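Participant: Fold the following for me, if possible:
(one chain, ligands or ions: 1)
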Amino acid sequence: MKISRRSFLWISGAAITGSLALKLGCAPKQPTTEPGGPVDVEDLRIQYAETTTAICPICGVGCGILVYTENGKIVATEGDPDHPINEGALCSKGSALFNMYYTYNEKGEAVPNPQRMTKVLYRAPKSKDWEVKDWDWALTTIAERVKKTRDEYFQEKNKDGVTVNRCTALAWLGSAMCNNEENYLFQKFCRSLGITNVDHCARL
Ligand code: SF4
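Facilitator: Residues are numbered from 1 along each chain as shown. Sure, this is the predicted structure:
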């Protein structure tokens, strides 16, 4: 069949409109189980998965993410359309979040990323080696060291006798994983210890 330039444009336009309508849910839904019928691969991938809401950990924008899991394993991630910050959209880094959990082997199959940290690692002062520790040890040690440093360096007044109530020997770094309310609480906690060196990748 000979296709003119005009009919080629018409057919292409109809095909694009049809697939857009299908994606936006305007087209009649076809049963995915019908033998030989059309199958939406994205539907299949997440149809038995549990959905959990999360916050993108990469930058301070704090976009909402939907994490799909099956048997404790992540099967997909996407932007959360109900989240007020991003309304479902993600930048290129957020769109690649799935690859924080998985990487691809030489056959192109997704396998858990061996570089992902799953344990507490501790490097003692002046040591070049990392040791694996448990969370109880880590949290207790952090609390003990914070208290010791504060007791040792807390300053009520500066050299001119002005009340300062500060401890400049401690610093606090916030996290893009935390929301506004959590960061507000961190700030209050820091101030209660007298910490003046407070920062965060998004300067919250
Ligand atoms: S999706 Fe992009 S813009 Fe949004 S928080 Fe993640 S890195 Fe930041």
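Participant: And the strands in this structure, which stretches?
Facilitator: 50-55, 64-70, 73-79, 102-104, 110-112, 120-122, 131-133, 155-157, 163-173, 195-199 (DSSP state E).
Participant: TSV for the ones you listed, including mean pLDDT?
Facilitator: Converted to TSV, the strands of the chain look like this (pLDDT from 0 to 100):
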stretch	mean pLDDT
strand 50-55	94
strand 64-70	94
strand 73-79	91
strand 102-104	87
strand 110-112	85
strand 120-122	96
strand 131-133	97
strand 155-157	97
strand 163-173	95
strand 195-199	92
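Participant: Which one of these lies nearest to K147?
Facilitator: Closest to K147 of the strands of the chain is strand 163-173 (C-beta to C-beta; 10.4 Å). From N, CA and C alone the C-beta is placed, and that goes for glycine too.
Participant: The closest one to strand 195-199, inter-axis angle?
Facilitator: 30 degrees (axes from the mean of the first three to the mean of the last three C-alpha atoms, to 10 degrees).
Participant: For this structure, spot the helix or strand the model is least confident about on average.
Facilitator: Least confident helix or strand, the chain: helix 5-23 with a mean of 55, by mean pLDDT, DSSP states H and E.
Participant: Measure how far stretch 62-71 is from the centre of its chain, please.
Facilitator: 9 Å (C-alpha atoms, centre = their mean, to the nearest Å).
Participant: near the ligand, anything from that stretch?
Facilitator: Yes. Using C-beta under 6 Å from any ligand atom, we find that stretch 62-71 touches the ligand at G62, C63.
Participant: What residues does the protein have near the ligand?
Facilitator: C56, I58, C59, V61, G62, C63, N86, L90, C91, K93, G94.
Participant: wait, what's in contact with whatever residue of the chain ends up closest to the ligand?
Facilitator: Proximity of the chain to the ligand (C-beta to the nearest ligand atom) peaks at G94, 2.2 Å away. Taking C-beta atoms under 8 Å, 6 or more residues apart in numbering, we find G94 in contact with C56, I58, C63, I65, G79, N86.
Participant: cool, and Q115?
Facilitator: If you count contacts by C-beta under 8 Å, 6+ apart, Q115 has them with T103.
Participant: What distance do you get for it to T141?
Facilitator: Distance, Q115 to T141, using C-beta to C-beta, to the nearest Å: 25 Å.
Participant: same deal with A176?
Facilitator: Remark: distance between A176 and T141 (C-beta to C-beta) = 25 Å.
Participant: who's more crowded, these two?
Facilitator: A176 (18 against 12; other C-beta atoms under 10 Å).
Participant: I'd guessed E78 sits against L90; true?
Facilitator: Yes. Using C-beta atoms under 8 Å, E78 is in contact with L90, at 7.4 Å.
Participant: Brilliant, that's me finished.
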